[in-house]
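> Following is a predicted model, sequence given first.
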2 protein chains.
Amino acid sequence: MDAALNDCLRHYELTLRGRFAAVTDVLRTLSNLQHERDFAQQAQALALERLGFELPADWLASAWVQGVDMSAMYAHCLFATIAASVDHAGIDQACWQPRMTLQSVHWHALGFHTIDISPCADGRLQGLLPFVLRTAPAPFVWVKAYAGALFDVEHDVADWTQRELERLTGAIEGGDRLDYLKVAAYHYSSSAPCDQGCAAHGSHDAAAVAAAIERLHALQVAVDNTYGHGAAPQVLLLGVDTDCDAIRIHLPDASGQLRAERYLDSAALYRATLGLSADAAQQALDAALQRYATELGGAALYHLPHGLLGLAQAWLVGNFSQLDYVQQHHGGRYAVIGHDEAFVCAGEAVPSLQLRNQFYFAHLDTVEEGAADLDVGARIFQGLNVQRGLPLPLLVHFTYSARVPGSRERAVARGLRVAQAARERFAHLAERGLLHCRVAVSERHSGQRLEWADAPAATVAGH
Amino acid sequence: MDAALNDCLRHYELTLRGRFAAVTDVLRTLSNLQHERDFAQQAQALALERLGFELPADWLASAWVQGVDMSAMYAHCLFATIAASVDHAGIDQACWQPRMTLQSVHWHALGFHTIDISPCADGRLQGLLPFVLRTAPAPFVWVKAYAGALFDVEHDVADWTQRELERLTGAIEGGDRLDYLKVAAYHYSSSAPCDQGCAAHGSHDAAAVAAAIERLHALQVAVDNTYGHGAAPQVLLLGVDTDCDAIRIHLPDASGQLRAERYLDSAALYRATLGLSADAAQQALDAALQRYATELGGAALYHLPHGLLGLAQAWLVGNFSQLDYVQQHHGGRYAVIGHDEAFVCAGEAVPSLQLRNQFYFAHLDTVEEGAADLDVGARIFQGLNVQRGLPLPLLVHFTYSARVPGSRERAVARGLRVAQAARERFAHLAERGLLHCRVAVSERHSGQRLEWADAPAATVAGH
């Protein structure tokens, strides 16, 4: 157990959660004060102190007439908090980033130049990298979430193609001996398998696993058939128990086949090594890995500490610390095992925000293609927010490349288009002021900041 | 002038036009007969004889009650005619394909492995390859049309990346000395420049040219900045006078810059060489090409018959035959200089249909992204069809690769999604039975057939 790392992560969790919790807390206080004569001054002082930013002065000034439009104010504060959290990410993450089990340098030692992870869009997987897998963010570790982990094979072939070309042209250091790894991450709930599993698969775990395996193999066949046998990326299937962040790792067997029933189970290995000395635990884990490799018929293929088995080892060791973390800070099982996201993000991921249930993320270019993913998100927020009169806050985010002329303009146009399409799809919410949508872009290579690409909401307090 | 080729093309034009004209002709006769007692038999016999396929028997059988739903019947016949024309393309094109000025083998001699052409979506450019440019279709000659020729830079970078990887992995024969060529094709009307130019640019020719140049340069910068200086594809700008199919060819100057005002004008060169002997005409053309290369400051860069100047030469020579063709068969100027398309095609091009004003083509993955292109198409058909009670026939077409598992299923799903989105966008037409939409897919590598991917319209005659 990495106690120092767990302390850093705990501090990060509390900081980020606290920032968002403060919004609700401040607004509840404002609600109580909104008809006082010096409301505007009190509100502004409170916001500055607790939230770190000012509220729209005209909304406050006219509150005495019809009160504050809490739904609009909530959305305004939430987006400001998102932007502030992205701005602060460097400081917020400074403690845990360098302590992660898996750093950029380890990937090359394991044999991979690109790690393309498609988890389910479910907000409970948003802490996947730093918490569940103890993996530091890196430019070549991509997270593209889809409902049910059902990633787009054609898009992935295009992504692989881009990296393969960079590899062949020498743009990737040491690329001649490195592979591309595609990971799909399904999830399940050990305590409420029928209710709190993957919504996209009707909480039917076997269906979620089978579908993910099918996509991973389809991607391999697609690349092999297009660029010649042996070109295909390596694949790995990951399962996450969203109750306690335990993982299952499925590696391909000697014939290259992933199997639903053959996996390494971090919870079982954690229990088996509990109380052992560090050395003994390490030996037990290595033995389990070797047994697994033999079971797969690929003992000769898998050599610790390299390749897929080495990665499994690193992720298991990292995950043991996360099981400790959940034990210590969440009583071994999260209090809220279901959804509890603060907002929906559509488009491309905001890599600076990485925390369980922070947001529901749908990777998409258009609402037309991503409708199923967004609908799941809207259904979740129907229960979380809309029922009690709070809006669904939708952040539309795309990245652009400063190297490509017009890229920023097109990212902005894409964002505005997606926002408009979302407003049309969720017109029943938008018309009642229950959908608040903002569009942001960020530079892909250097960008640690959200740049707002639309005008802020024109809603006036009281309306 | 290639008289034999022109005869072949004329026969092709008359065959294809005749097949579509027969639909209207047959339906007018049916209209006249629909209340006769043996209508069903008469109609079926006429359809089989003139159209080559049967009509839905139940529509005919119930015609005596409320008459035939001519709008639905028209759409039905049109889609059947499209499918038949794709089926017959091999035979229809057998005469002209091997006689084209530019064949597959010439491209390698010119120095190109891939020719990626983005014309405007305008139906008047649908005969671009065989008629205007006398260029044989080939697997590596791509046509992706966008309203205003405003192609998608990011998609094009992905397309270039795919081919570049194939080139580097040796999948392209002779690829080590061949280039990728991107062509944008704008259009104008010499006789009615303000009315019959490019609708996407408000018939403002200068704007159309400037926008196309900007995109071509953006693509080059994008690739250079991503994969290193010198990686960028070659570019060429083409202008088409839709009145008479004359072309303008803009080559980059010595600094790589395309210039709006510097082009080779096929109409002027045609007039200048008219009446000369073949040898003298050839010499005059070569001299003009050399003058142009000098003007661009790149005389040293351009060597006939290779590269961009060699391509310009081949296209000009081919185009002279097309100017003859329009002179001989259309009095030097098309009778209908505006729109006269038979249907709209959305998605990916049907390469088997290549005739001026055969269809309006919008290259898209989603209606959300392609809305502007589709709206232009719908506006055109408002005037062509809807005003007189005929529907807008919309063919949604995507290709799939048999090499990629699930690719066909996903192409079908994409088609059905786009069709549904189109029905929603044009609900005002769909509700009045004035939008008829069918979804088809075809295999990318072998596919010379449309496979219908949806159920045919359930409309019953008389409703």
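The structure has been received and is ready for your questions. Numbers count the residues shown, from 1 in each chain, chains lettered A, B, ... in the order given.
> Output the host helix or strand of residue A:156 as CSV, restricted to C-alpha atoms.
With elements taken from DSSP states H and E, the one containing residue A:156 is helix A:153-168. Extracted C-alpha coordinates of helix A:153-168, given in CSV (Å, rounded to 0.1, in the frame of the first residue of the first chain):
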residue,chain,number,x,y,z
VAL,A,153,-14.3,0.4,-34.7
GLU,A,154,-13.9,2.7,-37.8
HIS,A,155,-12.8,5.7,-35.7
ASP,A,156,-10.4,3.5,-33.8
VAL,A,157,-8.8,2.2,-37.1
ALA,A,158,-8.3,5.8,-38.0
ASP,A,159,-6.6,6.6,-34.7
TRP,A,160,-4.4,3.5,-34.9
THR,A,161,-3.5,4.5,-38.5
GLN,A,162,-2.4,7.9,-37.4
ARG,A,163,-0.1,6.5,-34.7
GLU,A,164,1.2,3.8,-36.9
LEU,A,165,2.2,6.4,-39.5
GLU,A,166,3.9,8.4,-36.7
ARG,A,167,5.7,5.2,-35.6
LEU,A,168,6.9,4.4,-39.1
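> Could you look up the SS state of residue A:441?
At residue A:441, secondary structure determined by DSSP: H, G, I helix; E, B strand; the rest coil is strand.
> Which residue is the nearest non-sequential neighbour of it?
Once flanking residues are discounted, residue A:441 sits nearest to residue A:411: 4.6 Å by Cβ to Cβ, 6 or more residues apart in numbering or on different chains. In this view, the C-beta of every residue, glycine as well, is placed from N, C-alpha and C.
> Counting neighbours, what do you get for the one you found?
Close neighbours of residue A:411, defined as other Cβ atoms under 10 Å in any protein chain shown, add up to 27.
> what about the residue of the stretch 351-463 of chain A found nearest chain B, how many neighbours?
Per Cβ to the nearest Cβ, the residue of the stretch 351-463 of chain A with the smallest distance to chain B is residue A:403, at 3.5 Å. Neighbourhood size, residue A:403 [other Cβ under 10 Å]: 15.
> Which strand or helix spans it?
Using DSSP H and E, residue A:403 falls within no helix or strand.
> From residue B:153, how far off is the closest residue to it other than its chain neighbours?
In space, and not counting its chain neighbours, residue A:403 is closest to residue B:225: 3.5 Å by Cβ to Cβ, 6+ apart. In this view, residue B:225 and residue B:153 are 12 Å apart by Cβ to Cβ, to the nearest Å.
> Neighbour count: the two, which is higher?
residue B:153 (22 against 17).
> which ones are touching the residue of the stretch 351-463 of chain A closest to chain B?
Contacts of residue A:403 were listed using Cβ atoms under 8 Å, 6 or more residues apart in numbering or on different chains, and they are A:445, B:221, B:222, B:225, B:226.
> re earlier: can you pull the residues that touch both of residue B:225 and residue B:153?
What both residue B:225 and residue B:153 touch, as defined by Cβ under 8 Å, 6+ apart, is the set residue A:404.
> For the stretch 251-400 of chain A, what lies in contact range of chain B?
The stretch 251-400 of chain A comes close to chain B at residues A:365, A:366, A:367, A:368, A:369, as judged by Cβ under 8 Å from any Cβ of the partner chain.
> Serialize the residues you listed to TSV and add fields for neighbour count, pLDDT and secondary structure.
Listed next are those as TSV, based on neighbours: other Cβ atoms under 10 Å in any protein chain shown; pLDDT from 0 to 100; DSSP: H, G, I helix; E, B strand; the rest coil:
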residue	neighbour count	pLDDT	secondary structure
A:365	20	93	coil
A:366	20	95	coil
A:367	26	96	helix
A:368	23	95	helix
A:369	20	92	helix
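> now the helices: where do they sit in the stretch 101-250 of chain A?
In order along the chain, the stretch 101-250 of chain A carries the following helices (DSSP state H, counting those that start in this stretch): A:104-110, A:153-168, A:205-227.
> Then the stretch 251-400 of chain A?
Ranges of helices in the stretch 251-400 of chain A, per DSSP H, counting those that start in this stretch, are A:266-273, A:278-295, A:307-330, A:367-384.
> which parts of the second one are buried?
If you call a residue buried by 16 or more other Cβ atoms under 10 Å in any protein chain shown, then helix A:278-295 has these buried ones: A:281, A:285, A:288, A:289, A:292, A:293.
> Next: the shortest one.
Using 16+ other Cβ under 10 Å as the burial criterion, the residues of helix A:266-273 that qualify are A:266, A:267, A:269, A:270, A:273.
> biggest separation within those residues, which pair?
Using Cβ to Cβ, the buried residues of helix A:266-273 span at most 11.3 Å, a distance reached by A:267 and A:273.
> quick one: the closest residue to chain B within the stretch 101-250 of chain A and residue A:233, what's the gap?
Scanning the stretch 101-250 of chain A for the residue nearest chain B gives residue A:225, at 3.5 Å (criterion: Cβ to the nearest Cβ). Using Cβ to Cβ, residue A:225 is found at 14 Å from residue A:233.
> can you pull the pLDDT of the closest residue to residue A:398 other than its chain neighbours?
Spatially, and ignoring its direct neighbours in sequence, residue A:398 is nearest to residue A:411 (4.3 Å; Cβ to Cβ, 6+ apart). Per-residue confidence (pLDDT) for residue A:411: 95.
> now swap in the one 5 residues further on and tell me
We note a pLDDT of 97 for residue A:416 in this prediction.
> Residue A:454 is in contact with that one, correct?
Yes: assessed by Cβ atoms under 8 Å, residue A:416 is found in contact with residue A:454 at 6.3 Å.
> List the residues that are in contact with both of those two.
residue A:439.
> Kindly list the main-chain dihedrals of the residue nearest the centre of chain A?
The residue lying closest to the centre of chain A (Cα atoms, centre = their mean) is residue A:126, at 3.0 Å. Dihedral angles of residue A:126 (phi, psi; degrees, to the nearest 10) stand at phi -70, psi -20.
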